[in-house]
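Colleague: For reference, the sequence and a predicted model appear below.
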Amino acid sequence: MGFGRKQPDITDQIFEMKFAMKELNRSAKKADKDKAAAEKKVSDCVKRSDDNSARLYATTAIRKKKEAFQYRSMVAHLDTCIGLLEQQATMASIGHTMGKLSHNLSNALSTANMTEMGQAVGQFIGQLEDVQAQSMFMDQVMSQSAASAVPLEEVDTLIQGIAAKESLEFKSEFATPGTTQVAAPEMEQPVAAAPPVDPLAERFNNL
């Protein structure tokens, strides 16, 4: 830490994080909208029996769904950080009030509470370091998620679900050999996969 470098005010940090949360929520909503648009195009392609185009749009829909999940995951992390910052601001306010008390009372209070405040500050610094590392890790996860290929079987599952809603029929390449494709209305609705376990959320819960 260099001398002469002004540390950001806690209220400024809270404002910046809340602004970032607003932008992330906006991005998540846009991803939801793009996902819905891609699913509509999947339906149109299935109606035209254009399976190749349907798979392309289904891939886009799945990626947009994952993007929205990642954005909302980051919002949850930032919300945790804001809670920590607000707690720190409250502690600073209490310390300032203690300084205005009489000398004897101030000494008595500091003996009882300042040690705990110092420990809390140390823990908070460690938590901020974790937040920085977690933010970098989240950026890496989002980049890898956007760059990774979507499994074709997952694509076909999405198309089958959309086809079922439209009472259409889609022939999946992953059907078991020797079996007959059933009409869409008779197909079981694909069960939505459970959200992946987020190691960052677990670390935040353990803080």
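Modeller: Noted; the coordinates are in hand.
Colleague: which other residues reach stretch 35-52?
Modeller: Residues outside stretch 35-52 that contact it (C-beta atoms under 8 Å, 6 or more residues apart in numbering) are 53-54, 57-58, 60-61, 64-65, 68, 158-159, 162-163, 165-166, 168, 170-171. Where C-beta positions appear, they are placed from N, C-alpha and C, glycine not excepted.
Colleague: at 7 Å instead, please
Modeller: Stretch 35-52 is contacted from outside by 53-54, 57-58, 60-61, 64-65, 68, 159, 162-163, 166, 168, 170, using C-beta atoms under 7 Å, 6 or more residues apart in numbering.
Colleague: Show the low-confidence segments of the protein, by residue range.
Modeller: Within the chain, the stretches with pLDDT under 70 are 1-8, 93-150, 168-207.
Colleague: ok, longest helix in it?
Modeller: If you go by DSSP state H, the chain has its longest helix at helix 51-99.
Colleague: okay, now Leu24: neighbour count?
Modeller: 19 (other C-beta atoms under 10 Å).
Colleague: for the one 3 residues further on, same thing?
Modeller: Around Ser27 there are 17 other residues, counting by other C-beta under 10 Å.
Colleague: Would you agree it is in contact with Tyr71?
Modeller: Yes - if you go by C-beta atoms under 7 Å, Ser27 and Tyr71 touch, sitting 5.0 Å apart.
Colleague: what's the distance between Glu166 and Gly83?
Modeller: 44 Å (C-beta to C-beta, to the nearest Å).
Colleague: Quick check: which helices or strands does the strand or helix carrying Ile159 pack against?
Modeller: Using DSSP states H and E, Ile159 sits within helix 152-165. Applying 3 or more C-beta pairs under 7 Å, 6 or more residues apart in numbering; DSSP states H and E, we find helix 152-165 packed against helix 10-47, helix 51-99.
Colleague: Which of the contacts of stretch 35-52 are buried? Put it as a ChimeraX command.
Modeller: Filtering these down to the buried ones (16 or more other C-beta atoms under 10 Å) takes a single ChimeraX command:
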select :54,57,58,60,61,64,65,68,159,162,163,168,170
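Colleague: now for the contacts of stretch 35-52, which pair is the farthest apart?
Modeller: Ala68 and Leu168 (25.6 Å; C-beta to C-beta).
Colleague: Only the buried residues of stretch 70-78, if you could.
Modeller: 70-75, 77-78.
Colleague: Report the two of those residues separated the most.
Modeller: Gln70 and Leu78 (12.8 Å).
Colleague: any idea how far Ile10 is from Ala92?
Modeller: With distances taken as C-beta to C-beta, Ala92 is found 7 Å from Ile10.
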